[in-house]
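Undergrad: Predicted coordinates and the sequence they were generated for:
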Amino acid sequence: MLSRQQKKWSVLSMNTLAFACNFAVWTMFSIIGIKIKQELNLSDTQFGVLVATPILTGSITRLPLGLLTDRFGGRVVFFIQMIFVAIPTYGLAYATEYWQYLFIGLFVGLAGGSFAIGIAYTSAWFEDKRQGTAMGIFGAGNAGAAITNLVAPLILVAFGWRMVPQIYSLAMVIMAFVFWVFTYPDPAQQARQTSGAHLSIATQVAPLKELRVWRFGMYYYFVFGGFVALALWLPKYYVGEYGMDLKTASLITMCFTLPSGLIRALGGWMADKYGARNVNWGVFWICLACLFVVSYPKTTYIVEGISGNHQATFGIDVWSFTALIFVIGIAMGIGKASVYRIIHDYYPSNMGSVGGMVGVIGGLGGFTLPIFFGLASDLLDIRSSCFMLLFGVVAICMISMNVAIRNLRRARGKELEINVA
């Protein structure tokens, strides 16, 4: 008989692996979408819609899946979710028309909802002082995007792109059954099931009326939505900007996706130790500086000198660009963990509903941003316009956080004055 300590680490391990498997499926279009774009001769905007479609479903299902997890427990909900995802993933190999890819992609997108299940299930097993670390370890499942960057191109080259969803589907079924064997119902869920004292829907969603929840959602829109959007967009960016082949572009994108996923565990620890708000503020500053540089398009200056014109060209080479993207990925990975640590600080009993809602908003970032990237690219005819958009998003997040901090200090000051009086 395993102890509670052994059970919780087994649950955390399985949660993380299952989330990584789901995330690999969720971002599959970042690789196979490029082949589909070539086959159907899609525009950048159509490509953006294609890769973003699964992200939409994965986003809007996070709240209901979070509520279901609070009600029925993460073990049951996670298992059923993985079986449901495997079916349309396999069917994707047989699509031929653009609308078919979009339609099936909506169901494949349920893979993204796994985050809300796993975060609530993980939170239920760990004490307050280890919440940030535990959720950070679970969130390292974001590295599933790096799995797709590594594995999908190899399958594509060896067997063609249609074999990718077939193999992914089989992997998902295997993961579902391994997950079921090595996980356990959490004690709190068992106690609620025995007593019949379940939280009502009204109680679960009550915190969503607070402006603070939506502000946290905006932060997650950037750190998570921006991460997903770039994970989907970067292979295409490398192919277009630096003339790489798809396999090389996918592998070098791992410099962004892999560390961003793995560093999330460290981000949780930092949030526990230094405070989630302080960590978030540092993350935003780092991203702001890096995005300013990578958003600057290759430019040629002509200066009219005394003896003639002088020409100078400014542009970022592939290695400098990759280094900056690496830093952005690290910062986003830390930020993803710290946002959920601050959610637990304010709403420890509502991780399913509040965490699910914040996940919805963050996931919508992963859905809307690739579409905005495509629109900006088609309208402005500037490839780095995607980073200009992200620069604007992080700037809005920083303004919002600054206002919130000032209001909090003002409120504490007034409270202190009242107590002194």
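TA: All right, it came through fine.
Undergrad: what residue of the chain is the furthest out?
TA: The C-alpha centroid of the chain is most remote from residue 307, which lies 54.2 Å away (CA atoms, centre = their mean).
Undergrad: Relative to the whole chain's centre, how far out is stretch 268-281?
TA: 19 Å (CA atoms, centre = their mean, to the nearest Å).
Undergrad: Next, the distance between the ends of that stretch.
TA: End-to-end distance for stretch 268-281: 15 Å, by CA to CA, to the nearest Å.
Undergrad: tell me which residues in that stretch are buried?
TA: Residues 268-272, 276-277, 279-281 are the ones in stretch 268-281 that count as buried (16 or more other CB atoms under 10 Å). To be clear about C-beta, it is placed using only N, CA and C from the backbone, and glycine gets the same treatment.
Undergrad: what mean pLDDT does it have?
TA: Regarding stretch 268-281, the rounded mean pLDDT is 86.
Undergrad: shaky segments in this protein?
TA: 1, 188-207, 349-352, 412-421 (pLDDT under 70).
Undergrad: try 50
TA: Judged by pLDDT under 50, the chain has its weakly predicted residues at 416-421.
Undergrad: Going by residue numbers, what spans are strands in it?
TA: 299-304, 309-314 (DSSP state E).
Undergrad: Tabulate those strands (TSV), appending mean neighbour count.
TA: Formatted as TSV, the strands of the chain follow (neighbours: other CB atoms under 10 Å):
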stretch	mean neighbour count
strand 299-304	9
strand 309-314	9
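Undergrad: can I get the buried residues of stretch 268-281 in a markdown table with distance to residue 369?
TA: Shown next, in a markdown table, are the buried residues of stretch 268-281 (distance: CB to CB, whole Å):
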| residue | distance to residue 369 |
| --- | --- |
| 268 | 24 |
| 269 | 28 |
| 270 | 26 |
| 271 | 24 |
| 272 | 29 |
| 276 | 23 |
| 277 | 24 |
| 279 | 23 |
| 280 | 19 |
| 281 | 22 |
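Undergrad: quick one: which of the residues you listed sit in helices?
TA: 268-272, 276-277, 279-281 (DSSP state H).
Undergrad: Now do the nearest residue to residue 231 once chain neighbours are set aside against residue 373, distance only.
TA: The shortest distance from residue 231 to any non-neighbouring residue, by CB to CB, 6 or more residues apart in numbering, is to residue 145 (4.3 Å). To residue 373, residue 145 is 16 Å away according to CB to CB, to the nearest Å.
Undergrad: ok now do residue 369, which residues does it touch?
TA: 52, 225-226, 228-229, 386, 389-390 (CB atoms under 8 Å, 6 or more residues apart in numbering).
Undergrad: Please repeat the previous calculation with a cut-off of 7 Å.
TA: 225-226, 229, 389 (CB atoms under 7 Å, 6 or more residues apart in numbering).
Undergrad: cool, and residue 25?
TA: 85, 89, 108, 111, 168, 172.
Undergrad: Same check on residue 69?
TA: Residue 69 neighbours (CB under 7 Å, 6+ apart): 77, 116-117, 120-121, 352.
Undergrad: what ranges do the helices span in the stretch 301-421 of the chain?
TA: Per DSSP state H, counting those that start in this stretch, the stretch 301-421 of the chain carries helices over the ranges 318-346, 351-380, 385-420.
Undergrad: Using neighbour counts, pick out the buried residues of the first one.
TA: Along helix 318-346, the positions that meet the burial threshold by neighbour count (16+ other CB under 10 Å) are 321-322, 324-344.
Undergrad: so what secondary structure elements neighbour it?
TA: With contacts defined as 3 or more CB pairs under 7 Å, 6 or more residues apart in numbering; DSSP states H and E, helix 318-346 has these neighbours: helix 131-139, helix 211-220, helix 226-242, helix 246-262, helix 264-274, helix 276-294, helix 351-380.
Undergrad: Which of these sits closest to residue 47?
TA: helix 351-380 (6.1 Å; CB to CB).
Undergrad: what separates the closest one from the chain centre, distance-wise?
TA: Using CA atoms, centre = their mean, the offset of helix 351-380 from its chain centre is 9 Å.
Undergrad: which parts of it are buried?
TA: 351-377.
Undergrad: Quick one: the strands of the chain as TSV, columns for distance to residue 149 too.
TA: Rendered in TSV, the data for the strands of the chain read as follows (distance: least, CB to CB, whole Å):
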stretch	distance to residue 149
strand 299-304	30
strand 309-314	29
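Undergrad: Quick one: closest of those to residue 221.
TA: strand 299-304 (29.6 Å).
Undergrad: Compute the inter-axis angle for that closest one and strand 309-314.
TA: For strand 299-304 against strand 309-314, the angle by axes from the mean of the first three to the mean of the last three CA atoms, to 10 degrees is 160 degrees.
Undergrad: if we can go back for a sec, right, and the residue nearest to residue 231 touches residue 257 too?
TA: Yes. At 4.1 Å, residue 145 counts as touching residue 257 under the criterion of CB atoms under 7 Å.
Undergrad: Overlap in contacts, those two.
TA: residue 231.
Undergrad: gap between the closest residue to residue 167 other than its chain neighbours and residue 83?
TA: Spatial nearest neighbour of residue 167, chain neighbours left out: residue 155 (6.0 Å); criterion: CB to CB, 6+ apart. Residue 155 sits 22 Å away from residue 83, going by CB to CB.
Undergrad: With neighbour numbers in mind, choose between the two.
TA: Between residue 155 and residue 83, counted using other CB atoms under 10 Å, the more crowded position is residue 155 (19 against 12).
Undergrad: Point to the residue nearest the middle of this structure.
TA: Among the residues of the chain, the one closest to the centroid is residue 224, at 3.7 Å (CA atoms, centre = their mean).
Undergrad: Spit out the contact partners of it.
TA: Counted by CB under 7 Å, 6+ apart, residue 224 has contacts 336, 362, 365.
Undergrad: burial count for the residue nearest to residue 165 when sequence neighbours are not counted?
TA: Distances taken as CB to CB, 6+ apart place residue 92 nearest to residue 165, at 4.1 Å, with adjacent residues excluded. Other residues near residue 92 come to 25 when the count uses other CB under 10 Å.
Undergrad: who are the neighbours in contact with residue 128?
TA: By CB under 7 Å, 6+ apart, residue 128 lies in contact with residue 348.
Undergrad: give me the number of residues near the residue nearest to residue 40 when sequence neighbours are not counted?
TA: Nearest residue to residue 40 in three dimensions, chain neighbours excluded: residue 98, at 5.6 Å (CB to CB, 6+ apart). A count of nearby residues for residue 98, using other CB under 10 Å, gives 15.
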